[in-house]
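Give me coordinates for this.
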Amino acid sequence: MNISKNMLRLYAVSDRSWLKDNKDLRDILPLLFENGVTLFQLREKHLAREAFIKEALELKEICRRYHIPLIINDAVDIAKEIGADGVHVGLSDMDIKKAREILGSGAIIGASAHNTAEALAAQAAGADYIGCGAVFKTGTKTDATALSHSELASICKAVRIPAVAIGGITEENLPLLNGSGIAGAAVISALFAQDDIGAATKRLRQLADML
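Numbering: from 1, shown residues only. Reported below is the predicted structural model:
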């Protein structure tokens with residue numbers, strides 16, 4: 001396993017559509033890292049390949065400066081090309097074993113799971129952590145199906161690798177996940193859509209540390 005529970009405590013997943021005042025991810029990352037984010041995933045579903053690579057290389061330098069792992073969503077080839085720390089693959093993305101072959105034994109590979117059977121299958125295939133969701137209603141992924149809190153707890157109990165919750169998590173509802181067994185929370189709009197991103201990050205980290 002190439003990741004610890006502490007590295008998943010507060011997991012930021014990018015979505016540029018939430019950014020305000022013409023801010024850029026290069027402006028946002030230092031605020032996230034200085035205030036408690038422990039892992040960063042670059043998620044760019046609609047960016048052209050060359051633009052994606054350029055952005056990923058720029059953000060990689062910021063991640064290195066703060067000693068925060070950089071995870072690329074889905075694009076295993078780009079993760080390989082830029083030397084990212086790992087990838088996160090969804091159920092419809094590249095097979096976990098294939099991603100491991102491409103990236104090597106030292107890469108972090110995360111996988112999505114919506115139930116215990118999927119989580120166990122991902123673990124058996126070699127995933128380092130499980131992303132479980134959506135635990136709350138979310139506007140970021142409109143096709144995400146709800147994951148009950150009892151199923152979330154079942155996943156955490158069944159797998160040996162750490163699990164992180166994602167989907168609609170806010171400062172108000174994050175405490176509802178206490179006792180589920182998750183290692184941390186993956187958040188998008190609760191960070192990127194906020195007027196004061198630094199302050200929001202600090203509050204979320206404090207809540208995540210209480211899980």
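
who are the neighbours of whichever strand in the chain runs longest, in terms of helices and strands?
Selection of the longest strand in the chain by residue count, based on DSSP state E, yields strand 108-113. Identification of packing neighbours for strand 108-113 by 3 or more C-beta pairs under 8 Å, 6 or more residues apart in numbering; DSSP states H and E yields strand 86-89, helix 96-103, helix 116-125, strand 129-132. C-betas here are computed from N, CA, C, even on glycine.

In a markdown table, list the ones you listed along with mean pLDDT, mean neighbour count and distance to residue 193.
What follows is these, written out as a markdown table (pLDDT from 0 to 100; neighbours: other C-beta atoms under 10 Å; distance: least, C-beta to C-beta, whole Å):
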| stretch | mean pLDDT | mean neighbour count | distance to residue 193 |
| --- | --- | --- | --- |
| strand 86-89 | 97 | 26 | 21 |
| helix 96-103 | 96 | 17 | 30 |
| helix 116-125 | 96 | 18 | 29 |
| strand 129-132 | 97 | 27 | 20 |
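
Include distance to residue 76 when you put these into TSV, please.
What follows is the helices and strands packed on strand 108-113, written out as TSV (distance: least, C-beta to C-beta, whole Å):
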stretch	distance to residue 76
strand 86-89	5
helix 96-103	5
helix 116-125	14
strand 129-132	16
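
and residue 71, which of these is closest to it?
With distances scored as C-beta to C-beta, the stretch of the helices and strands packed on strand 108-113 nearest to residue 71 is strand 86-89 (5.1 Å).

I'd like the distance from the closest one to the chain centre, please.
Distance of strand 86-89 from the chain centroid (C-alpha atoms, centre = their mean, to the nearest Å) equals 9 Å.

Where does pLDDT dip in this protein?
Scanning the chain for pLDDT under 70 picks out 139-144.

Now with 80, please.
In the predicted model, the chain carries pLDDT under 80 at residues 1, 21-22, 91-94, 138-145.

those helices in it, which residues are they?
25-34, 49-66, 76-82, 96-103, 116-125, 149-158, 189-192, 197-208 (DSSP state H).
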